[in-house]
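Asks: take a look and give me a structure for this.
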Amino acid sequence: MTPSGAHTLTAFDEDMRRLRELIAEMGARSEGAIHEAIRCLIERDSEAAARLVEADQAIDRLEAEAEDQVVRLIALRAPMADDLRDALAALKIAGVVERIADYAKNIARRVKRLPAKGSIEPLSLLPQMANMASAMVHDVLVAFVERDAAKAKKVSASDDALDDFYDSIFRTLLTFMMENPQNIGPSTSLLFVAKNLERIGDHATNIAEMVYFAATGDRLPDPAERETP
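Replies: Here you go, the predicted structure:
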């Protein structure tokens with residue numbers, strides 16, 4: 001490799017390192033937003049929920065910065081093959097992480113729709129589901145930063161457990177609504193929250209597929225295709 005080529009390679013690697021750090025910051029903010037949204041929901045903290053909705057703009061700005069950096073990187077470094085896959089994966093992942101933050105924002109907006117006082121029994125189930133979803137987000141972004149296909153595959157496999165938890169909450173909330181018509185309004189809001197958490201898991205799985213492809217050049221097999229006969 002010529003000195004010029006070595007310089008270009010080093011510059012690309014440094015650009016990608018900064019880009020991964022930027023997306024990791026987006027992920028950390030999104031993960032924190034999930035936990036804060038659920039806390040606001042449990043404590044009926046409508047003021048903090050409103051602040052969380054406003055704070056989403058910071059993640060939007062980070063996404064725009066990440067997109068600009070990818071465009072500059074491709075224009076200046078002209079990456080090919082594996083490097084181009086990395087850059088394009090980063091571009092797509094930034095958009096998906098921003099969408100995850102939007103789901104946290106949607107959850108925060110539901111706080112004002114719940115009664116300010118009184119017990120809503122199924123509400124106690126949501127923090128565990130939120131922990132599962134945020135763990136998927138955390139783990140898949142670690143896989144992205146480390147370019148670790150095995151970790152990405154593990155995150156994808158964990159989505160089934162989150163789906164099962166959603167199904168369980170769905171049945172619990174339906175039962176709660178049938179017991180008393182006054183439960184219908186709060187339960188509908190909690191169903192919305194649970195669905196948003198389930199979608200966060202789906203998006204984490206989408207990121208896992210992108211990480212796996214960027215690292216290996218192969219598509220992550222569908223769950224059914226991974227099963228042995």
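
Asks: tell me, how many residues neighbour the nearest residue to Phe12 once chain neighbours are set aside?
Replies: Nearest-residue entry for Phe12: Arg77, 4.6 Å, with adjacent residues in sequence omitted and distances by Cβ to Cβ, 6 or more residues apart in numbering. Where C-beta positions appear, they are placed from N, C-alpha and C, glycine not excepted. Neighbours of Arg77 under the rule other Cβ atoms under 10 Å: 18.

Asks: ok, Gly217 next?
Replies: So Gly217, with other Cβ under 10 Å, has 11 neighbours.

Asks: the residue nearest to Phe12 contacts Glu14, correct?
Replies: No: applying Cβ atoms under 8 Å as the test, Arg77 and Glu14 come out as separate, 10.2 Å apart.

Asks: for this structure, what's the longest helix?
Replies: helix 3-43 (DSSP state H).

Asks: quick one, phi/psi of the nearest residue to Arg39 once chain neighbours are set aside?
Replies: When the adjacent residues along the chain are set aside, Arg39 lies closest to Asp45, with 7.0 Å between them (Cβ to Cβ, 6+ apart). Backbone torsions for Asp45, taken as degrees, to the nearest 10, come to phi -90, psi 80.

Asks: from Ile107, how far off is Asp45?
Replies: 12 Å (Cβ to Cβ, to the nearest Å).

Asks: same drill for these two, tell me which one is more crowded.
Replies: Comparing Asp45 with Ile107 by neighbour count (other Cβ under 10 Å), the higher total belongs to Ile107, at 29 against 16.

Asks: contacts only, for that one.
Replies: Ile34, Ala37, Ile38, Leu41, Val193, Asn196, Leu197 (Cβ atoms under 8 Å, 6 or more residues apart in numbering).

Asks: where exactly do the strands run in this structure?
Replies: Remark: strands of the chain are absent; assignment by DSSP state E.

Asks: so where's it shaky on pLDDT?
Replies: Across the chain, the ranges flagged by pLDDT under 70 are 1-9, 118, 223-229.

Asks: rerun that using 80 as the cut-off
Replies: Low-confidence segments of the chain (pLDDT under 80): 1-9, 116-119, 121-122, 221-229.

Asks: and the closest residue to Ala215 other than its chain neighbours, how close does it get to Ser124?
Replies: In space, and not counting its chain neighbours, Ala215 is closest to Ala149: 4.1 Å by Cβ to Cβ, 6+ apart. Noted for Ala149: a distance of 37 Å to Ser124, by Cβ to Cβ.

Asks: neighbour count winner among these two?
Replies: Per other Cβ under 10 Å, whichever of Ala149 and Ser124 has more neighbours is Ala149, with 19 against 10.

Asks: need the contact list for that one.
Replies: Ala143, Val211, Tyr212, Ala215, Thr216 are the contacts of Ala149 under Cβ under 8 Å, 6+ apart.

Asks: in helices, which of these appear?
Replies: Among these, DSSP H puts Ala143, Val211, Tyr212, Ala215, Thr216 in helices.

Asks: among the residues you listed, which one has the most neighbours?
Replies: In terms of neighbours by other Cβ under 10 Å, those top out with Val211 at 30 neighbours.
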